[in-house]
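Novice: Quick check, what structure comes out for this input:
(2 chains)
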Amino acid sequence: MYQTTYHRASSVDEAASLFAKSSEAKFLSGGQTLLPVMKQRLAGPSDVIDLAKIKDMIGVEASGDTLTIKAATPHYDVASSDAAKKAIPALAYLASLIGDPAVRYRGTIGGSIANNDPAADYPASLLALDATVKTNKRSIAAADFFKGLFTTALEDGEIITAVSFPVPAKAGYSKMPHPASRFALTGVFVAQTKSGEVRVAATGASQNGVMRVPAIEAALKANWSPAAIDSVSIPASGLLADIHGSAEYRANLVKVMAQRAVAAAG
Amino acid sequence: MSTVKLTVNGKAVAVDVEDRTLLVQLLRDHLNLTGTHVGCDTSQCGACVVHMDGRAVKSCTMLAGQADGASITTIEGIAKGDELHPMQAAFRDNHGLQCGYCTPGMIMSAIDIVQRHGGQLDEATVRHELEGNICRCTGYHNIVKAVLDAAGRMKVAQAAE
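Specialist: Have a look, this model is predicted:
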């Protein structure tokens, strides 16, 4: 790891001001991605600004039809949150599938979506649930937030403080985890909103990162059942292909994971 | 350089380290607590697992500074004098190790698993929960047996307290 200077921020404002004073700072949350990247010397920030101890950025709250997860909340705390399990059980379930137990104690929702790894779990839930990303400057709709591989709408120095999820009528998540990394080879989140809209998002599939799947949305809108997806055809073009699976394999996984997610949603 | 203050195995320590120092380096290189191992160094294998404020974390994927103010327990800190922790005793009795390299991390993760699940552990849960700890010798069979055995012993020990 290259030399760096570690700062622990006690408030969002302090974190922003530390960032502004540094030449090439990075925000650090759970560090489950940033630290491995720094250890490989693929990143060498002059300063790392730790957000994980900012009290205003930790916690899960349900209020009316909204579930809010503050950005520095570890995956374990989301997975075991009574509020999350009651409001959106599929989201708590998704959090319980990320990495392994030790990673879930450290990794956070804010870190996951700021990194926007194309195989990360959380982005699929944000897109399918039409969540809103709250930052220290503004609110960003999930559809506008994810901009492609490892790219988001965040500006330099902007800090995610929370994510708000509208509570759906039904939701489900299913993923085929990579057996070593536990990242999603492909994962699909399905949601039926309280107004009857159907939204489906897949992670680990597209070369452009998390994506909606309109063909499956249309099929489920007509008939909310796993069988409704049988006749849907997912084109392989534009999908990821690597030693773990071809584009055609992932196209099929999108269907199968969607079917399992619908079955889980009930 | 920064001074990192933390409690390690019940003892308050203050260590001057470079900011890029990992928690595992602080433990092994500065405090000579070499029971915590570095296996893969990429947060996959779990040989480096320690408890931070009661939670099992991978100490190769944390800066020492992130642990400032925290209470850390390593494999050296779980026995009571000459009396092994029930998890250590169960690993010994069930032959839950061969080369022993993964064992410190296995034991620290396993204690965390038992604490979270209490008496509700079954074999499938243990196998699933150990997915962040890799052993290349045992095929996991005796490790799983040891964790289930220890879960019972820890319950008995708790009831006795």
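Novice: how does the chain divide up, domain by domain?
Specialist: Because you didn't say which chain, this covers chain A. Domain ranges of chain A: A:5-50, A:55-166, A:170-265, per automatic domain parsing.
Novice: Correction: the question concerned chain B.
Specialist: Using automatic domain parsing, chain B is parsed into the domains B:2-74, B:86-160.
Novice: from the chain's centre, how far out does the first one sit?
Specialist: When you say that, I think you mean domain B:2-74. Put simply, domain B:2-74 sits 11 Å off its chain's centre (Cα atoms, centre = their mean, to the nearest Å).
Novice: Please apply the same query to the longest one.
Specialist: For domain B:86-160, the separation from the chain centroid amounts to 11 Å (computed by Cα atoms, centre = their mean).
Novice: Give me the contact status of the worst-scoring helix or strand of chain B on mean pLDDT with chain A.
Specialist: Every helix and strand of chain B was ranked by mean pLDDT, DSSP states H and E. The lowest is helix B:141-160, at a mean of 89. No - for helix B:141-160, no contact with chain A is found by Cβ under 8 Å from any Cβ of the partner chain; the gap never falls below 12.9 Å. To be clear about C-beta, it is placed using only N, CA and C from the backbone, and glycine gets the same treatment.
Novice: in that helix, what's buried?
Specialist: Under the neighbour-count criterion of 16 or more other Cβ atoms under 10 Å in any protein chain shown, helix B:141-160 has B:142-151, B:153-154 buried.
Novice: Just to check, A:R104 is in contact with A:T73?
Specialist: No - taking contacts as Cβ atoms under 8 Å, A:R104 lies outside contact range of A:T73: 11.1 Å.
Novice: Identify the residues contacting residue 104.
Specialist: As the question left the chain open, I've gone with chain A. By Cβ atoms under 8 Å, 6 or more residues apart in numbering or on different chains, the contact set of A:R104 is A:74-76, A:79, A:95-96, A:98.
Novice: was after chain B, sorry
Specialist: Under the criterion of Cβ under 8 Å, 6+ apart, the neighbours of B:P104 are B:35-37, B:47, B:49, B:74-75.
Novice: Reformat those residues as CSV; add pLDDT, neighbour count and distance to chain A.
Specialist: Listed next are those as CSV, based on pLDDT from 0 to 100; neighbours: other Cβ atoms under 10 Å in any protein chain shown; distance: Cβ to the nearest Cβ, whole Å:
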residue, pLDDT, neighbour count, distance to chain A
B:G35, 98, 17, 17
B:T36, 98, 23, 13
B:H37, 98, 21, 14
B:A47, 98, 25, 11
B:V49, 98, 32, 6
B:T74, 98, 23, 14
B:I75, 98, 25, 15
